[in-house]
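Participant: Need a 3D model of the following:
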Amino acid sequence: MPLIKPFTGLRPAPNRASDIAAPPYDVLSTDEARVRADGKPWSFLHISKPEIDLPADTDPYAAEVYAKAASNLKLMLDQGILQRDAQDCYYAYRLVMGSHSQTGLVAAASVADYDTNRIRKHEFTRPDKEDDRVRQIEALNAQTGPVLLAYPDSREADVLVAKASAGTPDADVTADDGIRHTIWAIRDKALISDISRVFDAMPALYIADGHHRSAAASRVAAARRKAGASASAADHFLAVIFPHHQMKIMDYNRVVKDLNGLTEADFLARVGERFTVERATSAVHPAKANEFGLYLPGRWFKLVIKPSLVPHADPVARLDVSLLSDNLLGPVLGIADLRRDKRIDFVGGIRGLQELEKRVDSGEMAVAFALHATSMNDLMAVADAGEVMPPKSTWFEPKLADGLVSHVLD
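Facilitator: Down below sits the predicted model:
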């Protein structure tokens, strides 16, 4: 089975993309989605967050929510708002955020290669979140949330994707957050063949975001095989694959509610056992790995971990998120489990350092930590080693839109 394949995408009808395109289902709360979809009857949020069309006290994991997603999808199909392509295609997808631009490929990626780790993971998943995606896929008989993948260095792949995105686009939308999303359908059979050949020669692809979506797709495929289904569209999952050198990872910062019983002076003294601590005159956005910003009410500090404490040979332990946990959050603040400890919260870099200041100065949090962004090379090294990153290690921007291309499982 090839690593990727073209498919007959379900896409907005001509001139409908701006009515449909929506943020990913997992970046908005139900209340936020309800506001974003207000006055937009064809927003894809009615499919990806269908609880917005049900009473406010509805459990978002209730059976009627998945049924509502299916009925909303059927309505959009019946009204011709969404249409299926007549032939198998790949799709070029460009994201533009300010001066940053990245162009990749929408494809159906092999579940078998995911299962054998040729499509490589770097995170654990939660069963409840997997269950949610399984139920949504089965209700729609479609995958509507794309998995964000990266491909390793390939000049030939870069050239083919650039060629595919050179003409008039099929959809071009600037979302309300200012991100521009542009789609080109790739129908030329020779170009499709070249793309398939070049990608199939790659040793691996890397999941950047979408571990729950890919895990759910694997479960759906396995269940259908167990039920006696032969090879089908369910043996692949919806993916958008960008060259790793174009992808943008932002910092993923930490805020903590208390100082674990320490005074500020004692806390800083404990930190100084493993880091150099320097008072800063302005907000500290770490310029490189092994540097950190620390914010106490009204005061910024620059931290640099002592070089002897960096285990360079270990792809997980050498990450800044690990160094902070192993040398400060754990031994000084007593936070051993980032997944379950309610004293810690996480702030995506897209919100800026002012969000860290706001949460500390308000009294909600006692201290904040600014980190240098994890690199794609570090992510790939962890995945190649078969390891997993600590929670909240990467924040990818810009985000893909839901609704521009979906993968129907028939």
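Participant: My reading is that residue 184 is in a strand; is that accurate?
Facilitator: Yes - the assignment for residue 184 is a strand, going by DSSP: H, G, I helix; E, B strand; the rest coil.
Participant: Need the nearest residue in space to it, chain neighbours excluded.
Facilitator: Of all residues not flanking residue 184 in the chain, residue 92 sits nearest, at 4.2 Å (C-beta to C-beta, 6 or more residues apart in numbering). Heads up, the C-betas are built off the backbone N, CA and C, glycines and all.
Participant: Quickly find the element holding that neighbour.
Facilitator: Residue 92 belongs to strand 90-97 when assigned by DSSP states H and E.
Participant: hang on, isn't the residue nearest to residue 184 packed against residue 186?
Facilitator: Yes - counting by C-beta atoms under 8 Å, residue 186 is a contact partner of residue 92 at 6.3 Å.
Participant: For residue 2, the count of nearby residues, please.
Facilitator: Other residues lying near residue 2 total 16 when counted by other C-beta atoms under 10 Å.
Participant: and the closest residue to it other than its chain neighbours, what does it touch?
Facilitator: Among residues not flanking residue 2 along the chain, residue 200 sits closest, at 5.0 Å (C-beta to C-beta, 6+ apart). Residue 200 sits next to 2-4 when contact means C-beta atoms under 8 Å, 6 or more residues apart in numbering.
Participant: Map the structural domains onto the sequence of this structure.
Facilitator: 4-249+397-408, 252-372 (automatic domain parsing).
Participant: The shortest one: end-to-end distance?
Facilitator: Spelled out, that is domain 252-372. End-to-end distance for domain 252-372, by C-alpha to C-alpha, to the nearest Å: 8 Å.
Participant: Could you pull up the mean pLDDT of that domain?
Facilitator: Average pLDDT, domain 252-372: 97.
Participant: Same question for the longest one.
Facilitator: The average pLDDT for domain 4-249+397-408 rounds to 96.
Participant: could you give the angle of the longest strand anywhere in the chain to strand 90-97?
Facilitator: Taking DSSP state E as the criterion, the chain has its longest strand at strand 100-110. Per axes from the mean of the first three to the mean of the last three C-alpha atoms, to 10 degrees, the angle that strand 100-110 makes with strand 90-97 is 150 degrees.
Participant: what pairs with strand 100-110, and is each one parallel or antiparallel?
Facilitator: Sheet pairing for strand 100-110, assigned by DSSP bridges, gives strand 4-5 (antiparallel), strand 90-97 (antiparallel), strand 236-243 (antiparallel).
Participant: Reformat these as CSV; add mean neighbour count and distance to residue 105.
Facilitator: Compiled in CSV, the strands paired with strand 100-110 are given as follows (neighbours: other C-beta atoms under 10 Å; distance: least, C-beta to C-beta, whole Å):
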stretch, mean neighbour count, distance to residue 105
strand 4-5, 22, 8
strand 90-97, 22, 6
strand 236-243, 26, 5
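Participant: Take these and write them to CSV, including distance to residue 375.
Facilitator: CSV is the format used below for these (distance: least, C-beta to C-beta, whole Å):
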stretch, distance to residue 375
strand 4-5, 25
strand 90-97, 18
strand 236-243, 14
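Participant: So which of these is nearest residue 373?
Facilitator: Between residue 373 and the strands paired with strand 100-110, the tightest spacing by C-beta to C-beta is seen for strand 90-97, at 14.8 Å.
Participant: what distance separates the closest one from the centre of its chain?
Facilitator: Offset of strand 90-97 from its chain centre (C-alpha atoms, centre = their mean, to the nearest Å): 15 Å.
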